[in-house]
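K.L.:
Structure, please.
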Amino acid sequence: MKLLFRILFNVLGVLAASVIVPGIVVAGFWTAVLVAAVFGILNATLGFVLKVLTFPLTLATFGLFFLVINALMFWAASFVKGFIVAGFWPAFWGALIVTVFSMAGKKLYRD
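P.N.:
You can find the predicted model right below:
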């Protein structure tokens with residue numbers, strides 16, 4: 001149940017990012033579900049490795065480099081058909097929005 005709740009909030013984040021950020025296009029709800037799943041898998045695998053490898057840089061930037069890695073993972077998820085990210089900055093803002101939605105979902109699930 002917890003996993004479904006987290007995926008739902010990530011889907012809402014992807015849909016919100018497509019509405020708020022110019023340069024992000026999502027074809028529909030099921031595309032957003034697939035993007036949320038792919039983004040989560042990329043973050044858990046490749047994103048984790050990148051975060052470990054770039055830990056000194058992350059310390060030097062007081063954790064802000066994590067946002068860059070999240071943006072790269074969001075941008076990497078754009079291989080999903082029906083999901084378009086038009087560059088780094090849309091990916092950056094889109095990943096930030098999805099992260100905020102994900103954090104809100106975690107907070108609501110705990111409460």
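
K.L.:
which residues are contacting the helix or strand containing residue 5?
P.N.:
Assessed by DSSP states H and E, residue 5 sits inside helix 2-20. Applying C-beta atoms under 8 Å, 6 or more residues apart in numbering, the contact partners of helix 2-20 are 24-26, 29, 32-33, 35-37, 39-40, 93-94, 97-102, 104-106, 108-109. All C-beta spots, glycine's among them, are computed from the backbone N, C-alpha and C.

K.L.:
can we see that at 7 Å?
P.N.:
24-26, 32-33, 35-37, 39-40, 94, 97-98, 101-102, 104-105, 109 (C-beta atoms under 7 Å, 6 or more residues apart in numbering).

K.L.:
And stretch 63-83, by the same measure?
P.N.:
26-28, 31, 34-35, 38-39, 42-43, 46-47, 50-51, 54, 57-58, 84-85, 88, 91-92, 94-96, 98-99.
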